[in-house]
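Chemist: Got a predicted model here, sequence first, then my questions.
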Amino acid sequence: MHPFLNRRSFLGHTATGLSGIALAHLLGQERAFGAPGPIRPQINPANPNAPRSVHFPARAKQVLMIFCSGAVSQVDTFDYKPELIKRHGQPMPGAEGLVTFQGAQGNLNKSPWEFRPRGQSGKMVSDLVPHLGALADEMCFIHSLTGKTNTHGPGENFMATGFTLDGFPSMGAWTTYALGSENDTLPAYVAIPDPRGAPQSAGNFWGPGFLPAAFQGTDFNATQPLRNLSRPSEFSPATDRATREFIATLNRHHLERFPDDSELAARISSYELAARMQLSVPEVADISSEPAHILKMYGADQSGNPVKDLKAAYARNCILARRLVEKGVRFVQLFNGAYQTGGEGVSNWDGHKSLQQQYVKHGEVMDQPTAALLADLKQRGLLADTLVVWCTEFGRMPTFQKGASGRDHNPNGFTAWLAGAGVKKGFSFGATDEFGYKAVENIATVYDFHATILDILGLNHERLSFYHNGIERRLTDVHGHVIKDLLA
Amino acid sequence: MTPRIHRMLVRLIAVALLTTVHAVSPADSTFFESKVRPILEDHCFDCHGDDKQKNKLRLDSVAGILRGGESGEPLLLRGASAESYILKRVTSANDKEVMPPRKGGGERLTAEQVGILRAWIDAGAKMPGEEAAAASLRLKTDHWSFQPVKRPAVTKTGGEIDELVLAKLREKGLTPSAVADRASLIRRVYLVMHGMPPTPMETDEFVNDTRADAYARLVDRVLASPRYGERWARHWMDVVRYADTNGFETNRERKSAYHYRDYIIASLNSDKPYDKFIKEQIAGDALGVDAATGFLVAGPHDVVKSPDINLTLTQRQDELADMVNTTGTAFLGLTMGCARCHNHKFDPILQKDYYAMQAVFAGVKHGERALREKTDTSAQKELVALKAEAATKNAQLDALRKKAETAGSATAQAPLARGKLRPPVNARLNEDTFPPIDATAVKFTILATNSGEPCIDEIEIYDASGQNVALAEKGAIASASGSLPGHEIHKLEHVNDGKTGNENSWIANVRGQSWVQIGFSAKSRIQRIVWSRDRDVRFADRVPTQYRIEVASESGKWTTVASSEDRQQFNAKGDPGDFFAKLPASEASAARKLQADLAGLKTRIDKFSENAWVGNFTAKPERTHRLYRGEPMQKREVIAPDTLTVMGTLGLAVDEPDQQRRVRFAEWIATPQNPLTARVLVNRLWHYTFGNGIVDTPSDFGANGISPTHPELLDWLADEFVKGGWSIKHIQRLILMSATFQQSSTPRADAAAVDADGRYLWRYTPRRLEAEAIRDSMLAVSGTLDLKMGGPGFYLMDVVTENVMHYFPKEKYTPAEYRRMVYLFRIRAAQDGVFGSFDCPDGGSVMAKRSRSNTPLQALNLFNSSFITQQSDLLAKRLRAEAGESPDAQVSLSFRLFYSRPPDAYEQQKSVEMIHAHGLQSFARALYNTSEFLFVF
């Protein structure tokens, strides 16, 4: 079938079985507003993650989302501000009386790291992330993102689900709900938590919200295998096999009394899928087969001190991410940084009080492995179909907090970058003011960011919906515009 | 002729007729027609008139002007032109906002025209025919759910449900199915009503019961069982987004939220009339049922505070939105949330209505409150008696303690080798006694700790009569050198709040020297101080190991009365040593018994001051404003607490006391005249019984919801519900007794071709059970289920306590976790490692209808988790114990436990083979994974 799914063929699709009532409802809505109605993918209960059609031709088939928890400072990484360097130590104009998350502001503070031109594009990137800087020609930067909140939990909810509140589906859940998966022996959506733990909004990040549980992310990483994946030691392999067969025997016998019951059939096939997964997940998660030069490229071979150990553990997660992308997993989420353990900024990017000491470590851990992941995807040709998204919940102030050597939260202008399928290379969009405080040019919202990602996947963010508690819910609520300038 | 030219002609004639009247006053009712309307006509009608109604605004009728547009902004604030929206738009300096729009080539109104509008509004904005127009705006909905409930005519009494279902089946050319066999029927009744299968004995009794009313007796029995309330409370907990943690990033535990959960269970078990149930949940504080208001504050709540005012206001708006939305969906099936920013697009709900409802809850705050049930007269009597008993025992113990101190040198035993030193401090409980002394304040100075900043959960200071004079409730005031910032739970007020444990403790802000001081309301003669780090013995860090206690006399002179100098060195394990070892054996054992008794008494006494997560109330809440586009900083006019405009008014004042607002609002919901309340509830009962509601969108009875498949049946049930005194069990009995419910679930191809999903009820449609029913059933069949009701929940997560809480799914299970899942301590944003994949809501938002996913992860969890392995082992033990060693008997018993039926020959043979080849535990593991066990048929 042509990937373009027009209105008529969509209705043709859905005018069967259980969608009868939903369809009537949909038609009713269309009549009322004369505009195209919501698109709710039809889910086959026997295989909820079967591949489904896009709304229009897609630019990317898969997403790798790299999320840095704790709010990465834009002015210490990718948002170069000569004026901030020049006016280091002076008060920020207009900052008198400005109250941010933790209170009052001190003076403007330049980054402790030098910025240098990188690649052909000459993009200025700081020495905190030199490996990523070297790949600046691959990246499509958005420097003008704005958020709705300056607290981590709601901020991470917002980036993850499009809502600051708890209870909404993550972007990955929306994507797998819309598109299913091309690989039926692996989960459609995998979240890879940081070796140090989950991000601040924890399970919300890959949760299904009100979507069916079939679309929630499955969380495991290179150190923590998928729960309940392996055979309990109490049972021998032969017994395990025989038990599985015995379950199928009883289930099939029972099904004879309920022929054509799709839910019961789905149950039986879910055990078949599970059996396949028990073979394929350990295989994909086993990175011991990776050659030495790959381990070295990611930094997965490093050790000798706690930072290097941590870097190696994160690097192994990066390799796992690449292997999952390689296998066609629809949505892969890779986390860098975990929620507060040992105080703010120690295990994530929340550098309030001693930014330099903390970021030295975070940069070391994140930079090389993440850059290697991007380079590795590229050299294997995987960027042709995969969109890479690097983001964080909000930015930080160009000033130091009063009486401290770190930066407070700042949702008024922060940076994210995209790379790979569907987006421009070596391109920068939008800008913050002269100090990197507020977005002033091509201001973009997180809704726009989400709308653009869905668009790249061939999904109309205004129409992809799920009916919950009386509302046709969308990832982008009632907002969002696709940022067309980013598209290749 | 274009409409515009036509209008101009008409006006020319009108103006000509009016020329005889000169200088019309703005206060005159003809001013509108002669001066104002012409301006609107020339500049506004093209977009807001007969042809087009941009943003749903019409200015060509009085009603249209009164109603305003989609933004919800009232166009006119009579007498206040500066604040009137229409004036703001026509005078806006912003080219994107100004009306008529610049973009469409519109021209700004002249100063003279603006002056006319301003004068008219300031003079009261009179318009001809206003009353009629206002009346036409009222009650303008013909949507079915807002119409009064109409009991349909039925031919016979006693079979109304079946008659109405049959009528619909006939209409669709369908026929009903035969009655299910007895074994299937009892299994269905138990799974639906209790969430667990019947025992083999219960099944046998019913299958063999030959009495004509055997089924009616079964229904009565099932409705009378406490298991019923537990099962149906879980459904209600979905509807009211219940969970035991705050959610958001810190996600702290609400250890006392369970009081509300227990209230729901008890209410359902006692068949509390639903109107009463509603009123108690919204205004239980006015009705002596404090636990019920847990409803208001059961939702997520962000505790991260900031000096940033915008953030603070947004958080409060989000809290109130959670209350408004939940109340709207739970009781009324209305989606109020849509009207937070603008008038509802589908339903007759104005933006103003959202804020009127928000005003109802303006006095409600998240937090704990004392339960009145614990403070009434009889409870007070019991408390006094307990306290007296404790005082007597304390005095006896004091005597023994003194004796032990003086006896120290006489009985030279091993522990005394270290001289006359007192036992070392410990985390759990420390005591310092001294000769009675008059004091106005006590200062506790910490000189060193075993780790980190010092932490104290309670300081008790006793006078000669055994009264703790340090308590804040007695007027004592605590002060300190400083408190650790960023740790919400470790507040100074905890040192003398009468509550102990880490959650009720104070932490100082520095590691070195720090102090905490308690000043008394009046001079007291004190002699004993008891203090601790964590009386629950969960934490032993931050213990003050070197300290000094000083008391202040009335003249302000400080005297040291005790210190750590005469104690043995701190023992890392916190072993308090045995202080009474120095006494003769009989006295020592008496002392230890007194200690134990006092600990028990303390637990009982503490229960009386126990608070519950049921919310706090501000008697005089701040005024509620409508917020433009829902923005907290964009306050508009003040709004009084009220119902929906379309459904009348409560007539409350803007400053109505908090409790009165909620009482009146609850009464309005719970009145028989409210067309939504009864319909919504009977539909929920239907939904949970059959898997689908008569209205398939149980929390949306608005225009965006789905229309009822059986509107007459819905109305009959709603009417019967109210007539039956709002008895939930009455309706459930009728449903269970209906032939509709008792139909077989066997599929029929002919009927399925017409109605595959069984919406018209031609059979009982099978469906997968919910996570809770699956887990409860698993424990029930293995015989390990602990039926203890109520109280604090059990955990399926290990908890690591920091400023933010960390939760990790348990890998090992003990009998403490073998309770029904309704008693699970439910953690937001964290899913149980086994059952979380079964569409188990986490209380993040209202879940009126759960999905029923089938996923490979569910299969992995049920096949490989340590929970199932362990339960399989326990089940195997049960089978051996009850059926002996014969596989035939084991198979027979297990099928009756799992499926409420004996195995057929094929199943028997295959099962025996399985047991022979792979053992009983593997067989058990398999049964837990079968569809027949996981579904209701």
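Modeler: Arrived safely.
Chemist: Could you use CA atoms for every contact and neighbour count after this?
Modeler: Will do.
Chemist: The residue nearest to B:Gln147 when sequence neighbours are not counted and B:Pro841: what is the separation?
Modeler: Leaving aside its chain neighbours, B:Gln147 sits nearest to B:Pro675 (6.2 Å; criterion: C-alpha to C-alpha, 6 or more residues apart in numbering or on different chains). From B:Pro675 across to B:Pro841, the span is 29 Å (C-alpha to C-alpha, to the nearest Å).
Chemist: what's near enough to touch the residue nearest to B:Gln147?
Modeler: B:Ser145, B:Phe146, B:Gln147, B:Pro148, B:Val149 (C-alpha atoms under 8 Å, 6 or more residues apart in numbering or on different chains).
Chemist: Any figure for the gap between it and B:Lys150?
Modeler: 10 Å.
Chemist: Mind picking the one among the contacts of B:Pro675 that's closest to B:Ala619?
Modeler: Taking C-alpha to C-alpha as the measure, B:Ala619 sits nearest to B:Phe146 out of the contacts of B:Pro675, at 32.7 Å.
Chemist: Can you tell me the closest non-neighbouring residue to that closest one?
Modeler: B:Pro675 (5.7 Å).
Chemist: how far away is the one you found from chain A?
Modeler: 18 Å (C-alpha to the nearest C-alpha, to the nearest Å).
Chemist: So for that residue, what's the pLDDT?
Modeler: B:Pro675 is assigned a predicted lDDT (pLDDT) of 96.
Chemist: What of B:Leu779?
Modeler: For B:Leu779, the model assigns a pLDDT of 98.
Chemist: Who does B:Trp531 form a beta bridge with?
Modeler: On the basis of DSSP bridges, B:Trp531 is bridged to B:Asn430, B:Ile459.
Chemist: what's it in contact with, if anything?
Modeler: B:Leu429, B:Asn430, B:Glu431, B:Ile456, B:Asp457, B:Glu458, B:Ile459, B:Glu460.
Chemist: Now for the closest residue to the last one other than its chain neighbours, how many residues are close by?
Modeler: Right, B:Glu460. Distances taken as C-alpha to C-alpha, 6+ apart place B:Val530 nearest to B:Glu460, at 5.0 Å, with adjacent residues excluded. Per other C-alpha atoms under 10 Å in any protein chain shown, the neighbour tally for B:Val530 reads 15.
Chemist: quick one: pLDDT of B:Val530?
Modeler: 93.
Chemist: Quick check, it in contact with B:Ile461.
Modeler: Yes - if you go by C-alpha atoms under 8 Å, B:Val530 and B:Ile461 touch, sitting 6.5 Å apart.
Chemist: tally of neighbours for residue 385?
Modeler: Because you didn't say which chain, this covers chain A. 19.
Chemist: ah, no, chain B please
Modeler: That count, for B:Ala385 with other C-alpha under 10 Å as the rule, works out to 13.
Chemist: so it, which of the three states?
Modeler: For B:Ala385, the assignment made with DSSP: H, G, I helix; E, B strand; the rest coil gives helix.
Chemist: and the gap between it and chain A?
Modeler: Taking C-alpha to the nearest C-alpha, one finds B:Ala385 at 46 Å from chain A.
Chemist: thinking again about what came up before, residues in contact with the residue nearest to B:Glu460?
Modeler: B:Leu429, B:Asn430, B:Glu431, B:Asp432, B:Ile459, B:Glu460, B:Ile461.
Chemist: Quick check, pLDDT for the last one.
Modeler: Here, the pLDDT recorded for B:Ile461 equals 95.
Chemist: B:Gly288 now?
Modeler: At B:Gly288, pLDDT is 88.
Chemist: Any idea how many residues pack against it?
Modeler: 14.
Chemist: With B:Glu112 instead?
Modeler: The tally of other residues near B:Glu112 (other C-alpha under 10 Å) stands at 9.
Chemist: Not counting its own residues, what contacts the helix or strand hosting it?
Modeler: Assigned by DSSP states H and E, B:Glu112 belongs to helix B:111-122. For helix B:111-122, contacts defined as C-alpha under 8 Å, 6+ apart pick out B:26-27, B:31-32, B:35-36, B:39, B:76-82, B:87, B:90-91, B:126.
Chemist: let's see 10 Å
Modeler: B:25-29, B:31-32, B:35-40, B:75-82, B:84, B:86-87, B:90-91, B:108-110, B:123, B:125-127 (C-alpha atoms under 10 Å, 6 or more residues apart in numbering or on different chains).
Chemist: Go through those residues and flag which are in helices.
Modeler: Judged by DSSP state H, the subset of the contacts of helix B:111-122 located in helices is B:Phe31, B:Arg37, B:Pro38, B:Ile39, B:Leu40, B:Ile86, B:Leu87, B:Val90, B:Thr91.
Chemist: Farthest pair within those?
Modeler: Within the ones in helices among the contacts of helix B:111-122, B:Phe31 and B:Thr91 form the most distant pair, 21.0 Å apart (C-alpha to C-alpha).
Chemist: can stretch B:773-792 be found next to chain A?
Modeler: No - using C-alpha under 10 Å from any C-alpha of the partner chain, we find that stretch B:773-792 stays clear of chain A, coming within 14.4 Å at best.
Chemist: Next, the buried residues of that stretch.
Modeler: For stretch B:773-792, burial by neighbour count (16 or more other C-alpha atoms under 10 Å in any protein chain shown) applies to B:773-785, B:789-790, B:792.
Chemist: same question, stretch B:438-450
Modeler: Applying 16+ other C-alpha under 10 Å to stretch B:438-450 flags B:Ala439, B:Thr440, B:Ala441, B:Val442, B:Lys443, B:Phe444, B:Thr445, B:Ile446, B:Leu447, B:Ala448, B:Thr449, B:Asn450 as buried.
Chemist: now the residues you listed as CSV including secondary structure and distance to A:Met65?
Modeler: As requested, these are exported to CSV (DSSP: H, G, I helix; E, B strand; the rest coil; distance: C-alpha to C-alpha, whole Å):
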residue, secondary structure, distance to A:Met65
B:Ala439, strand, 64
B:Thr440, strand, 62
B:Ala441, strand, 59
B:Val442, strand, 58
B:Lys443, strand, 55
B:Phe444, strand, 53
B:Thr445, strand, 52
B:Ile446, strand, 50
B:Leu447, strand, 50
B:Ala448, strand, 48
B:Thr449, strand, 45
B:Asn450, coil, 44
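Chemist: Can you tell me which of these is nearest chain A?
Modeler: B:Asn450 (18.3 Å; C-alpha to the nearest C-alpha).
Chemist: What residues does the closest one make contact with?
Modeler: Counting by C-alpha under 10 Å, 6+ apart, B:Asn450 has contacts B:Ala540, B:Asp541, B:Arg542, B:Val543, B:Pro544, B:Thr545, B:Gln546, B:Phe570, B:Asn571, B:Ala572.
Chemist: ditto for B:Ala180
Modeler: Taking C-alpha under 10 Å, 6+ apart, one finds B:Ile186, B:Arg188, B:Ala739, B:Phe741, B:Gln742, B:Gln743, B:Ser744, B:Ser745, B:Thr746, B:Arg763, B:Tyr764, B:Phe937 in contact with B:Ala180.
Chemist: rewinding a little: which pair of the contacts of B:Asn450 spans the longest distance?
Modeler: B:Ala540 and B:Gln546 (15.0 Å).
Chemist: before we move on, back to that, can I get the buried residues of stretch B:438-450 in TSV with pLDDT?
Modeler: As requested, those are arranged in TSV below (pLDDT from 0 to 100):
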residue	pLDDT
B:Ala439	92
B:Thr440	91
B:Ala441	92
B:Val442	94
B:Lys443	93
B:Phe444	94
B:Thr445	92
B:Ile446	92
B:Leu447	86
B:Ala448	86
B:Thr449	86
B:Asn450	83
